[in-house]
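A.B. asks: need a structure here:
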Amino acid sequence: MRTRWLFVLLAAALLRPSPATAQAAPAAPTNDDCLTCHGEPGAVRADGRPVVVKAEAFGASVHAAAGLACVDCHADLARTTDFPHPEKLARVNCAPCHEAAVAQYSASVHAQARAKGELQAATCIDCHGMHDIRQKTDPVSRTHHLNVPETCGRCHGPKGAKGAPAVFTQFEDSIHGRALLAKGLVVAPNCASCHTAHEVRRKSDPASHVYRTNVVDTCTKCHEGIRPLYERGIHAQAVRAGNALAPVCSDCHTAHGIASTGTNDWQLQIVRECGTCHEQSLRTYRDTFHGRVTELGFTRVAKCADCHGAHDILPASNPLSTVSAQGRLTTCRKCHAGANENFAKYDPHADPHDTRRNPALAYASRFMQVLLGGVFLFFGMHTLLWFPRSWQLRRDRRRSGGSSSGREA
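C.D. replies: Now for the predicted structure:
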């Protein structure tokens, strides 16, 4: 590599400008000048790290298409005449051309992590590449819509940064991931669809697109038809009232491992998910025929959403609710076509411990408990009292049997 530069310096000496033009600013090195060394397959730094730049990769890049030269990014070499140049160069600054993107990145969790010394956090080149940067519309670009999950997965995957959750694996198995990666649907969301591209913030940051109160806005960018249903439901009302425990999309559907709602596994899981907030309702539901069957793993019976709705859940006191006095019969007839008014009076959450809600059931339950306890107590005492008599009878029989044998002898 140094031999090549001897020829370069010799040529420069032969073409040295005259004294009249000696004060003129030196010309910036051209791309060909840089590739004299960096185009060599074996080009390395003193510490052994490769510094090879593939001419064909750079030639196909967005920067080459824009007419940029090496020294446009490596600005400290723009006026150098000392070759080989120092190994430690100034860090490339993308801001002069990409001011808005750099400003967004500066507010991101990645920039904050690097400021704290976590140097494995992503920078521009980790996502976009270095000399082979392509337009995001180019199918081979790291930031092409179909390639974003793999790009993010290099850090946020099973082989990613230490301690990073394997969210890529969860996404890959989700309905979004299968639509994007397996079926190639560019309308399916990728990581940037929810987290944005440059201004990725922590979910605890109120400005984050995945902050709790912003999740509905983020999800309904695609699921637009669900927005009005959720907004009129009791959950959205609780969120607007400042209830931090009220569910948003990710509470029921999860964040990265979102599954199809038509699968048996999801339908069984959502019953348990509803029970994380509605513990008493889950307990009383499990006591019914519907609950017993779902607990056995079958889904062809009524579950929470079948009666209460999925997104537009309303309190029973609201006449528009599917479980209101006015709407209950219609709801029951979705499964039980011959249901009548008396059938609809069935209480799917009857509680034998609640004398106010179900007085007849509560008192009948107590009577049965007393009756059952009394039966066990009576026969238990009977058994205890009979035991001495039984023991006496067995002893008398043994004695009678012994005497009879002696007389016969």
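
A.B. asks: show me where the stretch 201-350 of the chain has strands.
C.D. replies: Per DSSP state E, counting those that start in this stretch, the stretch 201-350 of the chain carries no strands over any range.

A.B. asks: tell me the helices in it, going along the chain?
C.D. replies: For the stretch 201-350 of the chain, applying DSSP state H, counting those that start in this stretch gives helices covering 215-219, 226-231, 234-240, 249-253, 264-275, 279-286, 289-295, 304-308, 328-332.

A.B. asks: and those helices as JSON lines, adding mean pLDDT, mean neighbour count and distance to Cys37?
C.D. replies: Where C-beta positions appear, they are placed from N, C-alpha and C, glycine not excepted. Shown next, in JSON lines, are the helices of the stretch 201-350 of the chain (pLDDT from 0 to 100; neighbours: other Cβ atoms under 10 Å; distance: least, Cβ to Cβ, whole Å):
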{"stretch": "helix 215-219", "mean pLDDT": "96", "mean neighbour count": "19", "distance to Cys37": "48"}
{"stretch": "helix 226-231", "mean pLDDT": "96", "mean neighbour count": "16", "distance to Cys37": "57"}
{"stretch": "helix 234-240", "mean pLDDT": "95", "mean neighbour count": "17", "distance to Cys37": "60"}
{"stretch": "helix 249-253", "mean pLDDT": "95", "mean neighbour count": "18", "distance to Cys37": "51"}
{"stretch": "helix 264-275", "mean pLDDT": "93", "mean neighbour count": "16", "distance to Cys37": "58"}
{"stretch": "helix 279-286", "mean pLDDT": "94", "mean neighbour count": "16", "distance to Cys37": "69"}
{"stretch": "helix 289-295", "mean pLDDT": "94", "mean neighbour count": "16", "distance to Cys37": "69"}
{"stretch": "helix 304-308", "mean pLDDT": "94", "mean neighbour count": "19", "distance to Cys37": "66"}
{"stretch": "helix 328-332", "mean pLDDT": "95", "mean neighbour count": "18", "distance to Cys37": "76"}
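
A.B. asks: From Gly374, how far out is Ser365?
C.D. replies: Applying Cβ to Cβ, to the nearest Å, the value for Ser365 to Gly374 is 15 Å.

A.B. asks: Look at these two and report which has more neighbours.
C.D. replies: Ser365 (16 against 10; other Cβ atoms under 10 Å).

A.B. asks: my read: that one touches Ala350, true?
C.D. replies: No - contact criterion Cβ atoms under 8 Å: Ser365 and Ala350 do not qualify, at 9.8 Å.

A.B. asks: Same list, the helices of the stretch 201-350 of the chain, but as TSV with distance to His131 please.
C.D. replies: Below are the helices of the stretch 201-350 of the chain laid out as TSV (distance: least, Cβ to Cβ, whole Å):
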stretch	distance to His131
helix 215-219	34
helix 226-231	44
helix 234-240	47
helix 249-253	39
helix 264-275	45
helix 279-286	57
helix 289-295	57
helix 304-308	52
helix 328-332	63
